[in-house]
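Novice: Any chance you could fold what I've pasted below:
(one chain, ligands or ions: 1)
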Amino acid sequence: MSQEQQSEAREIALTALRRVRDEQLTSASRLSEHETREILSYLANGDTSDSWYGLLTHELDLAPAKNAAPDWQISDFEGREGFEVLVVGAGLSGIAAAYRLNQAEISFTQIETSHTLGGTWWKNHYPGVRLDTPTFGYSFSFAQRTDWPHQFAEGHEVREYLESVAERGNMTDSIEFNTALVSAIWDEKLNLWHATTRDADGSEQVRDFNAIITGVGQLDHPFIPEYPGQDTFAGVQMHSQEWQHDVSLAGKKVAVIGTGASAYQIAPAIVDDVEKLAVFQRSAPWMLPAPTYHNETSEAFRWLCRKVPYYGQWFRLWMTLLGIEGRIHTVTAEPDWEGAPLSVSPTNEKVRQEIIGMLRDQLNGDEELLERMTPSYPPGAKRMLRDNGVWSKTITAPQTSLVSTGISHFTPSGIVTLDGEEVELDVIIYATGFRPSDYLDPIQITGRGGVEIHDYWDGDARAFAGITVPGFPNLYMLMGPNTGGVVAGGLYFMVERAVEYALKSFKLMFETQTQAIDVTPQALDQFIADIDAENNRMAWGQPYVKTWYKNAKGRVSQVWPFPITDYWTITEQVNPEDYEFLR
Ligand code: NAP
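Specialist: All right, here's what the predicted structure looks like:
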């Protein structure tokens, strides 16, 4: 908007606010179809396509018919009352599944390996844990919250949110905690899954289900690199996800191995307690400026959320809208770009230079450190962190050393680097990430023809829309392969849409009076070809880039590279041509 338009907009807003105050106006709790279309098309810059409109109404609390809720219940289909679903997991995916299954009154059993719900948000309780995406984009469309205390929520705030959604939806009591899915075998005669579950005491039970929805997370299995002499280290070693709060760091010599999203939160949170901090960096991280990263939501913002009807809901919608295409344009590679391998396009180079400039300021012109802290890969090729200066402050603290030579081996008293220097340590923290490519590990899932899913994948997990896998009928993955939005979109949207897709496919089965549906290999191949082509155009898909977004086969199996309107489209209906129907 021009300055003039901004003034005009403020004037209009102020008039409206005065009327809210003086005339005690309230806002309609539902908009008409016409009003919704008019407002949303304005917000979407005139784009009235089904996917934009559909996506935005999906996320807008005030939309006339929130299209995500199933418009049917199982009792609408004669003879299907016994249809039984297994939901595996009670993290945010499992909660989304339970919520929608309840709406359709479909009977289900929900199991959770842990003793509590919340998934990654109860498991990760290391110092400093918080969201690194804006809080307002991190909630269910069906359970919106407007009184978030922080702009980037602290870990416990997200966990408490998930607990409250489960409580309010009466979901908690029916979850079978401390129960793991060990294996599932598809019965080709009966068209159902025989699932073996194991309780905390080790006893196993075989139960039959018509369908399985897995919500087992993706960043769940800690990865700890192996080094010679690791076992001889006399101090404490722990992974970021297995934080031992009884280990005091006060006055200790501490190493943090890794400089990813977890390390970025841990190191600044502990630096003031420790005697010495050694940060072992294999590659430097790119950090996006986020000056308010640790800030609370402002009093003015809270006031607006409290006093102006639906302000928070509109704000959330606005965040969603900005995330539809997100920063895709900054990471799209230009063929034959001469700046490779440091950047992938002129825009990407501009981002690179801007961030280097920001770092230079933070480091007060320490060019040697700047060089070591400048990544040697394009911005966006790995997950970008949020920076409000705390990382540089931590690294330049007198008690910190940034160790950027590789690790040779461990000794009882510390770590020896490749250039022979020994770093003395009491505690070693592995912020070395996870095994994200090991989808569904360690569950054994045997589908049609006796094929086990990991054998079928052979190290390269693939699923149609990240949800269904050929040969494994009535199996639905949430947060499956290629559904991670790294520069666009949001996790909740992807998970919710996958749940909705599963329900739509149940409906299709009921309507066609079939027992199961199995996605065709052709549908999967086409989907993967489209995904791969797009990922290969992105910074992370470049052949010279090493990133955990790629699996052992070198394929980018984590990322959804398109705007999320495309995910809305692919999950909007279950196309019968993509499936084989089993009777
Ligand atoms: P990560 O991003 O995979 O970072 C792992 C770090 O360990 C990297 O710096 C990596 O170096 C280093 N590393 C791995 N293997 C190593 C080895 N053998 N020797 C030396 N260094 C090694 O893991 P993470 O930080 O746990 O984050 C994983 C993901 O979890 C994030 O991308 C994000 O999606 C999620 N997460 C989210 C939040 C949040 O929202 N609040 C917080 C934490 C994590 P290279 O870069 O050289 O591989």
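Novice: Only C-alpha atoms from now on, for both contacts and neighbour counts.
Specialist: Noted.
Novice: tell me the phi and psi of the most centrally placed residue in the chain?
Specialist: Nearest to the mean C-alpha position of the chain, counting by Cα atoms, centre = their mean, stands residue 491 at 4.2 Å. Main-chain torsions, residue 491, degrees, to the nearest 10: phi -60, psi -40.
Novice: contacting residues for it?
Specialist: 138, 479, 484-485 (Cα atoms under 8 Å, 6 or more residues apart in numbering).
Novice: again with residue 363
Specialist: Here residue 363 is in contact with 369-370, 392, 396 (Cα under 8 Å, 6+ apart).
Novice: Give me the subset of these that lies in helices.
Specialist: Judged by DSSP state H, the subset of the contacts of residue 363 located in helices is 369-370, 392.
Novice: among those, which are within reach of the ligand?
Specialist: Among the ones in helices among the contacts of residue 363, no residue lies close to the ligand (Cα under 6 Å from any ligand atom).
Novice: Looking at those, which is nearest residue 101?
Specialist: When those are compared for distance to residue 101 (Cα to Cα), residue 392 wins out at 46.9 Å.
Novice: For that closest one, list the residues it contacts.
Specialist: Counting by Cα under 8 Å, 6+ apart, residue 392 touches 359, 362-363.
Novice: repeat that with 10 Å
Specialist: For residue 392, the contacting residues are 268, 359-363, 369-370, 373, by Cα atoms under 10 Å, 6 or more residues apart in numbering.
Novice: How far away from the center of its chain is stretch 206-218?
Specialist: Centroid separation for stretch 206-218 versus its chain: 20 Å, with Cα atoms, centre = their mean, to the nearest Å.
Novice: Let me fix that, I meant to ask about stretch 179-189.
Specialist: Relative to the chain's own centre, stretch 179-189 is displaced by 27 Å; criterion: Cα atoms, centre = their mean.
Novice: What parts of the stretch 1-150 of the chain come near the ligand?
Specialist: Near the ligand, when you scan the stretch 1-150 of the chain using Cα under 6 Å from any ligand atom, you find 129-132.
Novice: could you redo these as a markdown table and give each row neighbour count, pLDDT and secondary structure?
Specialist: Conversion of these to a markdown table gives the following (neighbours: other Cα atoms under 10 Å; pLDDT from 0 to 100; DSSP: H, G, I helix; E, B strand; the rest coil):
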| residue | neighbour count | pLDDT | secondary structure |
| --- | --- | --- | --- |
| 129 | 21 | 98 | coil |
| 130 | 23 | 97 | strand |
| 131 | 22 | 95 | coil |
| 132 | 20 | 92 | coil |
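Novice: the helices in the stretch 451-583 of the chain, which residues?
Specialist: Ranges of helices in the stretch 451-583 of the chain, per DSSP state H, counting those that start in this stretch, are 453-457, 491-511, 521-535, 564-570.
Novice: Looking at these, which is nearest to residue 167?
Specialist: Closest to residue 167 of those, according to Cα to Cα: helix 491-511, at 18.4 Å.
Novice: nearest to residue 249, of the contacts of residue 363?
Specialist: Set against residue 249, the nearest of the contacts of residue 363 by Cα to Cα is residue 396 (19.3 Å).
Novice: quick one, what contacts residue 115?
Specialist: Residue 115 touches 175-179, 200, counting by Cα under 10 Å, 6+ apart.
Novice: So which of those residues sits lowest on pLDDT?
Specialist: Among the contacts of residue 115, residue 200 has the lowest pLDDT, at 91.
Novice: Remind me which helix or strand that one belongs to.
Specialist: Using DSSP states H and E, residue 200 sits in no helix or strand.
Novice: circling back: mind checking pLDDT for the residue nearest to the centre of the chain?
Specialist: So, for residue 491, pLDDT stands at 94.
Novice: Now do it against residue 169, distance only.
Specialist: Residue 491 sits 20 Å away from residue 169, going by Cα to Cα, to the nearest Å.
Novice: Check residue 438 too.
Specialist: 31 Å.
Novice: Kindly report the same for residue 347.
Specialist: 45 Å.
Novice: Residue 544 is in contact with residue 341, isn't it?
Specialist: Yes - the criterion here is Cα atoms under 10 Å, and residue 544 meets it with residue 341 at 6.9 Å.
Novice: Quick check: neighbours shared by the two?
Specialist: residue 377.
Novice: Who has more neighbours out of the two?
Specialist: Between residue 544 and residue 341, residue 341 has the larger neighbour count (other Cα atoms under 10 Å), namely 15 against 12.
Novice: And that one, what's its pLDDT?
Specialist: 97.
Novice: and the residue lying closest to it once chain neighbours are set aside, what does it touch?
Specialist: In space, residue 341 comes closest to residue 377 once its chain neighbours are excluded; the distance is 6.1 Å by Cα to Cα, 6 or more residues apart in numbering. Residue 377 is in contact with 283-286, 340-344, 352, 539-540, 544-546, counting by Cα under 10 Å, 6+ apart.
Novice: Now do the helices in the stretch 101-250 of the chain.
Specialist: Using DSSP H, counting those that start in this stretch, the helices of the stretch 101-250 of the chain run over residues 120-123, 155-168.
Novice: now the ones you listed in a markdown table, with mean neighbour count?
Specialist: Output for the helices of the stretch 101-250 of the chain, formatted as a markdown table (neighbours: other Cα atoms under 10 Å):
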| stretch | mean neighbour count |
| --- | --- |
| helix 120-123 | 19 |
| helix 155-168 | 18 |
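Novice: Just send those helices back as CSV, with mean pLDDT too.
Specialist: Shown next, in CSV, are these (pLDDT from 0 to 100):
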stretch, mean pLDDT
helix 120-123, 96
helix 155-168, 97
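Novice: residues in this protein within reach of the ligand, list them.
Specialist: Counting by Cα under 6 Å from any ligand atom, the chain sits next to the ligand at 129-132, 225, 257-263, 282-283, 383, 431-433.
Novice: of those, buried ones?
Specialist: 129-132, 257-263, 283, 383, 431-433 (16 or more other Cα atoms under 10 Å).
Novice: What residues of stretch 225-243 count as buried?
Specialist: Neighbour-count burial for stretch 225-243 flags 230, 233, 237-241, 243 (criterion: 16+ other Cα under 10 Å).
Novice: what would those look like in CSV with pLDDT and distance to residue 427?
Specialist: CSV is the format used below for the buried residues of stretch 225-243 (pLDDT from 0 to 100; distance: Cα to Cα, whole Å):
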residue, pLDDT, distance to residue 427
230, 97, 12
233, 98, 9
237, 98, 6
238, 98, 8
239, 98, 11
240, 98, 12
241, 97, 15
243, 98, 12
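Novice: from those residues, which two are the most distant?
Specialist: Between any two of those (Cα to Cα), the greatest distance is 20.1 Å, for 233 and 241.
Novice: May I ask which helix or strand encompasses residue 288?
Specialist: Taking DSSP H and E as the definition, residue 288 sits inside strand 287-289.
Novice: Put the alpha carbons of the following helix or strand past that strand into CSV.
Specialist: Past strand 287-289, further along toward the C-terminus, the next helix or strand under DSSP H and E is helix 299-307. Provided in CSV are the C-alpha atoms of helix 299-307 (Å, rounded to 0.1, in the frame of the first residue of the first chain):
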residue,chain,number,x,y,z
GLU,A,299,0.2,-5.9,25.0
ALA,A,300,-1.4,-4.0,22.1
PHE,A,301,-1.8,-7.3,20.1
ARG,A,302,-3.3,-9.0,23.1
TRP,A,303,-5.7,-6.1,23.6
LEU,A,304,-6.8,-6.4,20.0
CYS,A,305,-7.3,-10.2,20.4
ARG,A,306,-9.3,-9.7,23.5
LYS,A,307,-11.4,-6.7,22.4
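Novice: what inclination does the helix or strand that comes right after helix 299-307 have with respect to helix 491-511?
Specialist: Per DSSP H and E, helix 299-307 leads on to helix 311-325 as the next helix or strand towards the C-terminus. Per axes from the mean of the first three to the mean of the last three Cα atoms, to 10 degrees, the angle that helix 311-325 makes with helix 491-511 is 80 degrees.
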